[in-house]
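Engineer: generate coordinates for the sequence data below:
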Amino acid sequence: MPSPPRASAERPAETPTPTNLWPIVAAWLVSTVASMLIAGAVLLALPAEYLRDGDRSQRHWAARLGRTLIGIVLVAVGIVLSVPGIPGQGILTILAGLTLIQFPGRDRLIRALLGRPAVLRAVNRFRVRFRRPPLAS
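Structural biologist: Model (predicted):
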C-alpha cells in the first residue's frame with residue numbers, strides 16, 4: 001500500500017511582522033546616525049580654503065588607507081541615503097566620503113558637487129552653526 005503524500009518540508013515565506021522588523025530598523029537607524037556624525041566631523045574638519053587649495057597634506061600610508069576605507073563606506077551609505085524614500089543627507093555624506101578618498105580628479109568632482117548652490121549653502125550653514133568659517137569658493 002502506498003504511503004500518504006507528505007507535506008513539503010519547505011516553510012512558506014515569512015511575512016514581515018513588527019517583531020522581525022526591529023533589527024532592520026535598528027541597523028538603519030544606527031547606520032544613519034553614524035554616517036551623519038562622521039560626515040559632519042569630516043565637513044567641519046575641512047579648512048575654509050579647501051575648495052581653492054585642495055588637500056595638500058602628506059600622511060602615513062596607514063592613515064591614507066584608513067581614510068580611504070572610511071571614505072568608501074561613507075560614499076556607499078550616501079548613495080543608499082540618496083534613494084528616494086530613505087531619509088538622510090545622501091549628497092552631504094557622499095561629499096564627505098569623497099573628501100577622504102584620494103583619486104585623480106577628486107578636487108574637480110568635489111568642486112562640481114559643491115558648485116551646486118543648495119549644497120554649498122547647506123554645508124556652509126552647517127559649518128557656521130559649529131563656529132567654523134564657511135568654505136570659500
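
Engineer: not counting sequence-adjacent ones, nearest residue to I101?
Structural biologist: With sequence-adjacent residues excluded and distances taken as Cβ to Cβ, 6 or more residues apart in numbering, I101 is closest to G71, at 3.8 Å. (C-beta placed from N, C-alpha, C; glycine too.)

Engineer: I misspoke; the intended subject was G90.
Structural biologist: Nearest-residue entry for G90: S82, 3.1 Å, with adjacent residues in sequence omitted and distances by Cβ to Cβ, 6+ apart.

Engineer: now do the contacts for R106.
Structural biologist: If a contact means Cβ atoms under 8 Å, 6 or more residues apart in numbering, then R106 has L98 as its contacts.

Engineer: thought V73 was touching G97?
Structural biologist: Yes: taking contact to mean Cβ atoms under 8 Å, the distance of 7.2 Å between V73 and G97 places them in contact.

Engineer: for these two, indicate the residue with more neighbours.
Structural biologist: Here V73 and G97 are set side by side on neighbour count (other Cβ atoms under 10 Å), and the busier one is G97, at 25 against 17.

Engineer: gap between the more buried one and L114?
Structural biologist: G97 sits 14 Å away from L114, taking Cβ to Cβ, to the nearest Å as the criterion.
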